[in-house]
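**Student:** My questions concern the predicted model and sequence given below.
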Amino acid sequence: MTQKKKEALVWAVVVACLATQALQVALVVHRESLTFDEADHMFAGYMMWKTSDFGLNPEHPPLVKLLAVAPLLREKLWLPPLQGRNFKTEAYFDGRDWLARNDGASQRLVFRMRLAAGLLALCLSLVVFLAAREWFGIGAGVLALLLVTFDPNILAHSGLVTTDIGVSLFFVAAVYAFYRYVRRPTIGRLLIAGVIAGLLLATKHSGILLAPMLILLAAWEIAAAAKDSRGEVAKRLATALAVIVVISVLVLWAFYGYRYAARPTPLQLKPSLAEYMAPLGRFNSTIIRGVARAHLLPESYLMGLVDVKQMAAFYPTYIFGNVYAHGKWWYFPAVILIKTTLGMLALVGLAMFAVFTGKLDKRRELAYIFIPWIVYLAVAMMAGMNIGARHILPLYALAAIFAAGGAVALARGSRRWLWICALLVGAHIVSALAVFPNYMAYANEAWGGPKNVHNLLSDANLDWAQQLLQVKSWQDRHPNEECWFAYFAHPEINIHNYGIHCHSMPTPDTGWVGGSDIVPRQIRGTVLISAGDLSGCEWPSALMNPYRSFQKLKPAETIDYGVFVYRGDFPVPEAAALSRAQRANELLAQHQAEQAMTLAREAVTIDPGGVLAQTALGDTAMALSKKDEARAAWQTAIQNARALEPDAQVSYIPDLKTKLNASRQ
């Protein structure tokens, strides 16, 4: 076969792989309801295009949002009036209402936006192929492409309007572009590296991790250079890094229209950047304040950096059936072992074997895999935001390149290794397809597969609020069943917008903005609980989870591995009390203290050991100037909170003590 025909065959395989990936992505997202953050991203992106408002979703830079919403720009869509609320509340609920009014449950617009975002996944696969081909040969390129296009974690997020696939694409592309510049320094390659770095910054705030990666790679290049040329190499790479920084920052500014202010006049961020960063330590606040004063970075981007720091300290962690108030350093290594196919794990192990035995001896190329891999994983382990494998997707792309390089090195000249590697690739593909189309719920066979993943992990590892279309199908098959539903993303995603007529049960999120019905002390009939609420992953302590009694029960049915259906008679005193406490807080905010007091007292009667019930009673009593009753309730709430784990106590006790002290003044 001539070289030209070989090249044509390779590209035919590439096109076939990309087409297969595109088909899977389209089929998966067509049957999934909105995930937790998508409406927020979509609405913010639309407002960026239409009004240059970058303050509705500053948690994430604009690139993915702008790309996803581009197909809708000619649509005449209804816009909800802005209400001047906290930026998270404004974006989440305006996004929900915007989609409900313009798209309903059809998700016609959602599907178009998801397909646009899905282009980034195809580009990621193509970049993986190109990098692996250049680093380890054509065979490795094709194999890496095959591995990444059938990776269940990448497929789970490929069609979602979120930043995880985009940041994976531009991380790999930026490292690859820098490699190409180092191999053959030209102005063109340097410009490309700078632009890609800018696209990375404009995709997700974790893109700033590229800086230490490139610095370490440059240091490696200097150390690996001949002694008499190290000075020259250091000077050239230092200049290159400076140019990349300048270009990337200019590209980032371009996505914000070269305007510092996050919002057009007269709109302002709420809270302001200064107010939002106040809880940060002095060191972080000083840096961000200095950058803001000098207008070195856009205000919206700085707000996002602060938000990343704030949220990392806030999120609880659920893993191996346990809830922790804060992140655990070993979370992501455990997630890798659970959510990576056994075939891929074995291939990575064989690639390590190939390195140690000298069969895979491309030191420079391995440095460009290992250094970014180690930096990214180390930061993820320390960051404290333990909510899903999606936060380490770049590692899966780099692992595919490494595994492919190792497999080709071992198989070269050894038929036995060829068959072993081929079987492992086949196992990787079969394991992924076995869970189709529910890729988000993937867990490998050693951990019990997708049926068991809810006992191990939660949030975006399984239940990211994507099952409502399937819950609606379930209800259509059971039209006469009255049901109660505890749903992970309600009310940020309103179940009733999908035509689901279950009563809503309380969750941590209904405590934030309401949306729960008043729950009876005992439910006779059907209860649906999504995996996020069954695990209690949003509570700082498992003892706060009102649905933990269901964890020992066997569900009658399971919907997409992530929503569990129970039938029977169920005492639910904690959920009943929580629903009343949350409604009391809503009424109190509406200055209806007398009605709130009735519900708060009911909550305490039902669950006297509840921290939130006693807190609601104290708050309501104080609003009615019943200080003695308020203090007694808060004191009881503090005593109840002391029964929680020490890390969880800090979520409640300091605030309660502040209220007590204020009441004595």
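**Tutor:** On my side now, so go ahead. The structure presented is a predicted model; accordingly, all values stated were derived computationally and were not measured.
**Student:** what's the closest non-adjacent residue to residue 417?
**Tutor:** Leaving out its chain neighbours, the residue that sits closest to residue 417 by C-beta to C-beta, 6 or more residues apart in numbering is residue 410, at 4.1 Å. Backbone N, C-alpha and C define where each C-beta goes, glycine included.
**Student:** Tell me the spacing between the residue sitting furthest away from the middle of the chain and residue 185.
**Tutor:** Here the chain reaches farthest from its C-alpha mean at residue 228, the gap being 47.1 Å by C-alpha atoms, centre = their mean. Per C-beta to C-beta, to the nearest Å, residue 228 is found 18 Å from residue 185.
**Student:** Can you list the helices and strands that the helix or strand containing residue 212 packs against?
**Tutor:** Applying DSSP states H and E as the criterion places residue 212 in helix 210-224. On a contact count with 3 or more C-beta pairs under 8 Å, 6 or more residues apart in numbering; DSSP states H and E, helix 210-224 meets helix 164-183, helix 187-201, helix 230-255, helix 363-383.
**Student:** In the longest one, which residues are buried?
**Tutor:** Okay, so that is helix 230-255. In terms of neighbour count (16 or more other C-beta atoms under 10 Å), helix 230-255 has its buried residues at 233-234, 236-237, 240-241, 243-245, 247-249, 251-253, 255.
**Student:** quick one: contacts of the helix holding residue 212?
**Tutor:** The contact list for helix 210-224 (C-beta atoms under 8 Å, 6 or more residues apart in numbering) reads 171, 174-175, 178, 182, 197, 200-201, 230, 233-234, 237-238, 240-241, 244-245, 363-364, 367-368, 371-372, 375-376.
**Student:** that older thread, sort out which one of the buried residues of helix 230-255 lies nearest residue 357 for me.
**Tutor:** Closest approach to residue 357 among these (C-beta to C-beta): residue 233, at 30.0 Å.
**Student:** correct me, but the closest one touches residue 225?
**Tutor:** Yes. Judged on C-beta atoms under 8 Å, residue 233 makes contact with residue 225 at a distance of 4.5 Å.
**Student:** And the nearest residue to residue 488 once chain neighbours are set aside, how far from residue 99?
**Tutor:** Spatially, and ignoring its direct neighbours in sequence, residue 488 is nearest to residue 532 (3.3 Å; C-beta to C-beta, 6+ apart). From residue 532 across to residue 99, the span is 21 Å (C-beta to C-beta).
**Student:** Between the two, point out the one with more neighbours.
**Tutor:** Using other C-beta atoms under 10 Å, the more surrounded residue of residue 532 and residue 99 is residue 532, with 28 against 25.
**Student:** can you give me the offset of stretch 242-252 from its chain's centre?
**Tutor:** In terms of C-alpha atoms, centre = their mean, to the nearest Å, the centre of stretch 242-252 is set 27 Å apart from its chain centre.
**Student:** Same question for stretch 652-665.
**Tutor:** Centroid separation for stretch 652-665 versus its chain: 35 Å, with C-alpha atoms, centre = their mean.
**Student:** can you check stretch 262-272 too?
**Tutor:** Chain-centre distance of stretch 262-272: 26 Å, with C-alpha atoms, centre = their mean.
**Student:** For the helix or strand hosting residue 484, name the packing helices and strands.
**Tutor:** Secondary structure from DSSP H and E places residue 484 in strand 483-486. Applying 3+ C-beta pairs under 8 Å, 6+ apart, we find strand 483-486 packed against strand 503-504, strand 522-530.
**Student:** Residue 348: how many residues sit nearby?
**Tutor:** 19.
**Student:** Return the residues in contact with residue 190.
**Tutor:** By C-beta under 8 Å, 6+ apart, the residues touching residue 190 are 181, 240, 243-244.
**Student:** Columns distance to residue 56 and pLDDT on top of those, output as JSON lines?
**Tutor:** Output for these, formatted as JSON lines (distance: C-beta to C-beta, whole Å; pLDDT from 0 to 100):
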{"residue": "181", "distance to residue 56": "37", "pLDDT": "98"}
{"residue": "240", "distance to residue 56": "36", "pLDDT": "98"}
{"residue": "243", "distance to residue 56": "33", "pLDDT": "98"}
{"residue": "244", "distance to residue 56": "30", "pLDDT": "98"}
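**Student:** Just confirm residue 202 contacts residue 249, I think it does.
**Tutor:** No. Counting by C-beta under 8 Å, residue 202 does not reach residue 249; the two are 10.3 Å apart.
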